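Q: Take a look and give me a structure for this.
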Amino acid sequence: MTESRHAPAATAQPRITRADGSPIRAVVVDDEDSLTDLLSMALRYEGWDVRLASDGQHALSTIREFRPDVVVLDIMLPDIDGLAVLSRLRADGIQVPILFLTAKDSVDDRVAGLTVGGDDYVTKPFSLEELVARLRALIRRSALAVTASDDSVLEVGDLVLDEDSYEVSRGGVSVELTATEFELLRFLMRNPRRVLSKAQILDRVWSYDFGGRSSVVEIYISYLRKKIDTLGPPMIHTVRGFGYVLKPAG
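A: As a prediction, this is how the structure comes out:
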């Protein structure tokens with residue numbers, strides 16, 4: 001980060017809150033005190049309720065107790081790394097959106113973070129404004145930020161997605177998705193029978209690419225298949241050389 005990025009900038013963005021009007025809850029996990037102080041100041045400026053943790057064990061206990069709406073998680077921690085922290089959270093059924101923060105900048109590291117269930121990735125040095133914008137985007141994808149609409153329920157065959165309640169079911173069976181999985185499925189369901197390229201999916205779901213690597217799309221498609229296609233005949237199909245298409249079974 002540069003000096004000009006150390007203080008929260010004034011913004012015209014409207015503040016977002018939880019569905020009940022209470023502040024968004026965030027946990028920031030990093031062993032650099034100066035960085036956690038900076039991030040907590042920026043997020044409190046957004047009106048959020050922020051808790052801090054300096055190592056993996058403290059992060060686990062804080063997240064389990066505080067039940068945040070979003071987590072900023074450094075990969076390099078003094079005890080257990082951020083990837084292990086996230087793996088334990090997901091094993092506990094905690095699906096809070098995670099934004100990884102690390103000095104590592106290789107594409108492989110980014111993909112590794114997403115493979116274990118992370119939702120986004122920012123490398124140091126970073127733009128504070130960009131990080132806050134990414135967190136706001138993750139919140140909007142989650143069930144906390146609901147935009148009412150007349151056509152909020154999407155249906156493709158026996159697959160149903162409610163954009164207001166963030167509920168998904170297939171054949172009447174409820175399907176639990178992470179925020180990123182939900183956004184990917186919503187994009188597929190808004191374009192039924194249309195072949196979508198990996199580049200289109202990266203641009204729509206993540207709003208940027210990972211150095212040209214499309215493996216993150218393959219990873220999340222595989223996640224959806226394990227949750228959707230195991231409940232009946234396959235609905236998500238690979239069109240070799242082009243991309244993916246979702247269509248009713250049968």
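Q: Which of the helices or strands spans Glu155?
A: Using DSSP states H and E, Glu155 sits in strand 153-156.
Q: quick one: low-confidence parts of this structure?
A: Along the chain, segments meeting pLDDT under 70 span 1-14, 20, 104-116, 142-151, 207-213.
Q: Where do the strands of it begin and end?
A: Shown for the chain, the strands assigned by DSSP state E span residues 25-29, 49-53, 70-74, 98-102, 120-123, 153-156, 159-162, 167-170, 173-175, 236-239, 243-246.
Q: can you tell which of these is closest to Leu131?
A: With respect to Leu131, and counting by CB to CB, the nearest of the strands of the chain is strand 120-123 at 5.3 Å. In short, each C-beta sits where N, CA and C put it, glycine included.
Q: roughly how far is that closest one from the heart of the chain?
A: Taking the mean of its C-alpha atoms, strand 120-123 sits 11 Å from the chain's own mean (CA atoms, centre = their mean, to the nearest Å).
Q: and it, which residues are buried?
A: By neighbour count on 16 or more other CB atoms under 10 Å, the buried set for strand 120-123 is 120-122.
Q: who does that strand touch, helix- and strand-wise?
A: strand 98-102, helix 107-115, helix 128-141 (3 or more CB pairs under 8 Å, 6 or more residues apart in numbering; DSSP states H and E).
Q: Geometrically speaking, which residue is the centre of this protein?
A: Asp119 (3.0 Å; CA atoms, centre = their mean).
Q: now the strand holding Glu155, how far from the centre of its chain.
A: That offset, for strand 153-156, works out to 22 Å (CA atoms, centre = their mean).
Q: Quick check: buried residues in that strand?
A: For strand 153-156, the neighbour count (16+ other CB under 10 Å) marks 154, 156 as buried.
Q: Adjacent strands (with direction) for it?
A: strand 159-162 (antiparallel) (DSSP bridges).
Q: Please identify the buried residues of the partner strand?
A: Using 16+ other CB under 10 Å as the test for burial, strand 159-162 gives 159-161.
Q: Also stretch 59-73?
A: Using 16+ other CB under 10 Å as the test for burial, stretch 59-73 gives 59-60, 62-63, 66, 68-73.
Q: Ok, stretch 191-205 next?
A: Neighbour-count burial for stretch 191-205 flags 192, 196, 198, 200-202, 204-205 (criterion: 16+ other CB under 10 Å).
Q: And that stretch, end to end?
A: Using CA to CA, to the nearest Å, the end-to-end distance of stretch 191-205 comes out at 13 Å.
Q: Give me the contact list for that stretch.
A: 156, 180, 183-184, 187-188, 208-210, 214, 216-218, 220, 239, 242-248 (CB atoms under 8 Å, 6 or more residues apart in numbering).
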